[in-house]
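Chemist: structure for this input, please:
(chains A and B)
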Number of protein chains: 2
Amino acid sequence: MARIEIKRNILEANDNLALRNREFFLSNDVLAVNIMAAPGAGKTSAILKTIEMLPDCYAFAVIEGDLASRIDADVMAAKGIPVEQINTGNMCHLDANMIGAAAKKFTYGRPTVLFIENVGNLVCPSEFSLGEDLNIVIASTTEGHDKPYKYPSIYLRADAVIINKTDLAKAMEFDGEMFREGISSVRPLPPIFEISCRTGSGLEDWVTWLSGQCRLKFGPNGRQSER
Amino acid sequence: MARIEIKRNILEANDNLALRNREFFLSNDVLAVNIMAAPGAGKTSAILKTIEMLPDCYAFAVIEGDLASRIDADVMAAKGIPVEQINTGNMCHLDANMIGAAAKKFTYGRPTVLFIENVGNLVCPSEFSLGEDLNIVIASTTEGHDKPYKYPSIYLRADAVIINKTDLAKAMEFDGEMFREGISSVRPLPPIFEISCRTGSGLEDWVTWLSGQCRLKFGPNGRQSER
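Modeler: As a prediction, this is how the structure comes out:
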């Protein structure tokens, strides 16, 4: 009972900080995209490909969440993308406090898409709001099609779901129908994009959808400056 | 500060229950093998293959840990393997209390290898002792070779590491050397077994090692009853 109470307090404190992040993002013209996935589903690759393909009128920034190392941050920095690494130690998710501190380190000019690569985990990140605009869950065909049944909580929060590594779907005997049924057994189906970061297949539909979300957030200015 | 104190109390309470589990396993001739991995690394497949290949003189039992569903438990039950499903709700790991309750539901006669399939997660399970004899981490080539750098805590606890899906290693450009270096940057290398549950490759070495652990636990009786 005490444990439940403590957890509620932690989540409430986090929600208050998330609200402040949301205000910060709004006043700085930032669309914050929280990317959640199991380890190795392809979060970093998907972010890189998405940044390459989004219209030039937007600025980009990335916050990398990992227990240890700055492997992914180095990849981003090598591409010239502004990046902040958060090392959580042994914490299984990012929280609003961490994001608030990291987000303030970037310089903002024009409308910015901020990708937050959460810790690779299908459980903990689902409980902690970061003040994000969008929650994206990336599944991978190599993980198997049964994951929505086993980890429903993360799918409950998804504004869109990406299925990555579709080039391996056949070899992995990935059953897309069963995957979709797993999600729709707990909620109405969100938009689902089947992509392969390796072959580039399916990325255009995903980026078109995300561009639409950018226009919704940034309004006609963002739109007008697009080619 | 209060949060650290609370966490310490939770872990201490868990350790005390883990000690009781350990005594229970000892008095019932049970070797408890805690299997930890990211979602979709192949825990269930590896357990099934291992049970098929271990000597007939042992009895087997499986405890399945998942947030929701009993998909894996149904697979085990269909093979006639005694199985208990634990659904953790939104908890990212099994704990000693859950294992104590589940383990008591089996009937024990001869020496028993009890496989505990932990929640698919590379973070939380590393903190909670279950009273197990062995901690096995299963990595998968499809996750990438950088995971020991990003999730060192789980590798710190591994008595052995299995690399699964080696049939896809080449296609995934999995660098075994970099993977090993990631582990040895935080600890002396444990035994590492490269297997493919799909092709069967490498399973024999792993099962031979585990059989050795069984003999260590069960003594010459277990040995004599082997063919």
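Chemist: can we go C-alpha only for contacts and neighbour counts from here?
Modeler: Fine.
Chemist: Provide the secondary structure category for A:Lys105.
Modeler: coil (DSSP: H, G, I helix; E, B strand; the rest coil).
Chemist: quick one, what contacts it?
Modeler: A:Glu84 (CA atoms under 8 Å, 6 or more residues apart in numbering or on different chains).
Chemist: one more: A:Cys124?
Modeler: A:92-93, B:92.
Chemist: roughly how far does it sit from A:Asn135?
Modeler: According to CA to CA, to the nearest Å, A:Cys124 and A:Asn135 sit 14 Å apart.
Chemist: swap in A:Asn87?
Modeler: 21 Å.
Chemist: so between the two, which is more surrounded?
Modeler: Comparing A:Asn87 with A:Asn135 by other CA atoms under 10 Å in any protein chain shown, the one with more neighbours is A:Asn135, at 22 against 18.
Chemist: is the longest helix seen in chain A anywhere near chain B?
Modeler: Of all the segments assigned as helix in chain A under DSSP state H, the longest by residue count is helix A:2-27. No: counting by CA under 8 Å from any CA of the partner chain, chain B is not contacted by helix A:2-27; separation bottoms out at 8.7 Å.
Chemist: and that helix, what's buried?
Modeler: A:11, A:14-22, A:24-25 (16 or more other CA atoms under 10 Å in any protein chain shown).
Chemist: with distance to B:Met36 as extra columns, can I get these in CSV?
Modeler: Listed next are the buried residues of helix A:2-27 as CSV, based on distance: CA to CA, whole Å:
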residue, distance to B:Met36
A:Leu11, 27
A:Asn14, 29
A:Asp15, 31
A:Asn16, 34
A:Leu17, 33
A:Ala18, 32
A:Leu19, 35
A:Arg20, 37
A:Asn21, 35
A:Arg22, 36
A:Phe24, 39
A:Phe25, 38
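Chemist: could you save the residues you listed as TSV and add columns showing pLDDT?
Modeler: Shown next, in TSV, are the buried residues of helix A:2-27 (pLDDT from 0 to 100):
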residue	pLDDT
A:Leu11	94
A:Asn14	97
A:Asp15	97
A:Asn16	97
A:Leu17	98
A:Ala18	98
A:Leu19	98
A:Arg20	98
A:Asn21	98
A:Arg22	98
A:Phe24	98
A:Phe25	98
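Chemist: A:Gly89 against A:Leu67, yeah?
Modeler: Yes: in this structure, A:Gly89 is within contact of A:Leu67 by CA atoms under 8 Å, at 4.7 Å.
Chemist: give me the residue at the spatial middle of chain A.
Modeler: A:Ile35 (1.4 Å; CA atoms, centre = their mean).
Chemist: how about the residues of chain A that lie near chain B?
Modeler: Going by CA under 8 Å from any CA, the residues of chain A near chain B are A:38-41, A:66-69, A:90-92, A:121-124, A:142-144, A:147, A:149-153.
Chemist: pop out the phi and psi values for A:Leu205.
Modeler: In this structure residue A:205 is Asp, not Leu. Dihedral pair for A:Asp205: phi -60, psi -40, per degrees, to the nearest 10.
Chemist: is it true that it touches A:Phe193?
Modeler: Yes: at 7.1 Å, A:Asp205 and A:Phe193 qualify as touching, with contact defined as CA under 8 Å.
Chemist: circling back to that earlier point, what packs against the longest helix of chain A?
Modeler: Under the contact definition 3 or more CA pairs under 8 Å, 6 or more residues apart in numbering or on different chains; DSSP states H and E, helix A:2-27 sits against helix A:96-103.
Chemist: now with 10 Å, please.
Modeler: Where contact means 3 or more CA pairs under 10 Å, 6 or more residues apart in numbering or on different chains; DSSP states H and E, helix A:2-27 is packed against strand A:30-37, helix A:96-103, strand A:112-117, helix B:2-27.
Chemist: and A:Asn9, how far from A:Ser153?
Modeler: 20 Å.
Chemist: A:Leu189 too?
Modeler: 14 Å.
Chemist: just the strands from chain A, written as ranges.
Modeler: A:30-37, A:59-66, A:83-87, A:112-117, A:134-140, A:160-164, A:192-194 (DSSP state E).
Chemist: just the pLDDT for A:Glu7.
Modeler: Rather than Glu, residue A:7 is Lys. Confidence at A:Lys7, expressed as pLDDT, is 85.
Chemist: same question for A:Ile35.
Modeler: 98.
Chemist: quick one, what contacts it?
Modeler: Counting by CA atoms under 10 Å, 6 or more residues apart in numbering or on different chains, A:Ile35 touches A:43-44, A:46-47, A:115-120, A:125, A:132, A:134-138, A:158, A:161.
Chemist: mind running it again at 8 Å?
Modeler: Taking CA under 8 Å, 6+ apart as the test, what A:Ile35 contacts is A:43, A:115-118, A:135-138.
Chemist: please apply the same query to A:Ser196.
Modeler: A:Ser196 neighbours (CA under 8 Å, 6+ apart): A:164-167, A:202-203.
Chemist: again, 10 Å this time
Modeler: A:42, A:45-46, A:140-141, A:162-169, A:202-203.
Chemist: please tell me which one of the residues you listed counts the most neighbours.
Modeler: Highest neighbour count within the contacts of A:Ser196: A:Ser140, with 30 neighbours (other CA under 10 Å).
Chemist: right, and it touches B:Thr142 too?
Modeler: Yes: counting by CA atoms under 10 Å, A:Ser140 touches B:Thr142, with 9.4 Å between them.
Chemist: what's the overlap in contacts for these two?
Modeler: With CA under 10 Å, 6+ apart as the test, A:Ser140 and B:Thr142 both reach A:39-42, A:165, B:40.
Chemist: so which of the residues you listed are in helices?
Modeler: Using DSSP H, none of the shared contacts of A:Ser140 and B:Thr142 sit in helices.
Chemist: ok, the residues you listed vs A:Phe179, which is closest?
Modeler: Relative to A:Phe179, the closest of the shared contacts of A:Ser140 and B:Thr142 is B:Gly40; by CA to CA it sits at 13.3 Å.
Chemist: for the closest one, what are its contacts?
Modeler: Taking CA under 10 Å, 6+ apart as the test, what B:Gly40 contacts is A:38-39, A:140-147, B:120-121, B:138-140, B:142-143.
Chemist: look up how far A:Arg215 lies from it.
Modeler: In terms of CA to CA, B:Gly40 sits 36 Å off from A:Arg215.
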